[in-house]
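[1] Show me how the following folds:
(one chain, ligands or ions: 1)
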Amino acid sequence: MQPKALILFGPPGSGKGTQAKLLRERLQVPHISTGDMLRERIASGDHLGVQVQELMQAGRLVPDEIVNQLVADRTSQADCATGFILDGYPRTLQQAEVLAVQLRQQGFQPVVIHLKVDYTKIIARIAGRRQCPVCGALYSLTSNPPQRPDHCDLEGARLVIRDDDKEFVIRERLEAYDRQTRPLLDYFAASGDPFHELDGSDGTPQEVLASVCSVLNLE
Ligand code: AMP
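    This next block holds a predicted model:
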């Protein structure tokens with residue numbers, strides 16, 4: 001069977017990152033988050049990090065060539081040979097087209113999962129989101145709080161609010177999604193590749209995972 005490139009698609013705050021982490025455990029394939037990769041580069045202070053920092057803090061997308069290159073480099077590593085999960089990529093038509101060619105050449109079957117969530121829920125959800133600065137674990141003050149307030153269950157580090165999770169930046173990110181990313185839904189629907197839509201609004205992460213596994217025909 002062809003290895004799968006699972007594309008988790010949806011607005012910021014729709015639960016892509018959470019589902020990607022759960023699916024990684026389940027499927028034992030890498031989770032590739034362009035947002036995480038870019039944040040790592042900012043934290044390391046290298047040239048690329050400096051280049052993208054302002055755009056990210058403003059809630060805008062970084063240039064296609066940068067993310068296309070990051071993903072092409074990552075997916076050609078040996079641990080991706082049996083498949084991988086993409087979270088937050090592609091986000092523009094140009095990215096989707098580059099990815100389609102790349103997946104075809106590398107022999108991966110794209111499978112898109114669209115997590116649908118309405119925007120008022122997203123704003124509330126992102127406003128309560130906290131992240132461990134050491135391991136990247138995500139918490140929600142409402143649905144998945146840490147055991148000790150404000151501290152990571154795994155690392156003990158003090159949790160932080162991501163710079164781009166501030167409310168005015170969230171609105172900017174949702175606008176970028178509407179303008180540049182949402183139109184990809186038509187592209188995916190017309191591509192002929194498997195394309196599934198799920199309601200990500202309600203239910204615990206485990207319940208949403210069960211729906212994802214069910215459309216993917218996983219036990
Ligand atoms: P995320 O963690 O996926 O919500 O991404 C956080 C930020 O990283 C986005 O608001 C963008 O500034 C940038 N970013 C992540 N993935 C992409 C992408 N595929 N294309 C352009 N910018 C991206």
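[2] what pLDDT, on average, does stretch 11-30 get?
    Mean pLDDT, computed over stretch 11-30, is 94.
[3] and that stretch, which residues are buried?
    11-24, 27, 29-30 (16 or more other CB atoms under 10 Å). (C-beta placed from N, C-alpha, C; glycine too.)
[4] Can you name the residue of this structure nearest to the ligand?
    Among the residues of the chain, residue 35 lies nearest to the ligand; the distance is 2.1 Å by CB to the nearest ligand atom.
[5] what sits against that residue?
    By CB atoms under 8 Å, 6 or more residues apart in numbering, the residues touching residue 35 are 17, 87, 88.
[6] secondary structure class for residue 103?
    Per DSSP: H, G, I helix; E, B strand; the rest coil, the local secondary structure of residue 103 is helix.
[7] burial measure for it, as a count.
    20 (other CB atoms under 10 Å).
[8] again, but for residue 193
    15.
[9] cool, and residue 155?
    14.
[10] Is it correct that it is in contact with residue 136?
    No - look at residue 155 against residue 136 with CB atoms under 8 Å: they stay out of range, at 9.7 Å.
[11] from the buried residues of stretch 11-30, which are also near the ligand?
    residue 12 (CB under 6 Å from any ligand atom).
[12] Which ones among the buried residues of stretch 11-30 lie within strands?
    Among the buried residues of stretch 11-30, no member falls in strands (DSSP state E).
[13] For the protein, which segments count as strands?
    Counting by DSSP E, the strands of the chain are 4-9, 31-33, 83-87, 109-116, 129-131, 138-140, 195-199.
[14] Out of those, which gets nearest to residue 180?
    The closest approach between residue 180 and any of the strands of the chain, judged by CB to CB, belongs to strand 4-9 at 12.9 Å.
[15] near the ligand, anything from that closest one?
    No - Strand 4-9 lies out of reach of the ligand by CB under 6 Å from any ligand atom, never closer than 9.9 Å.
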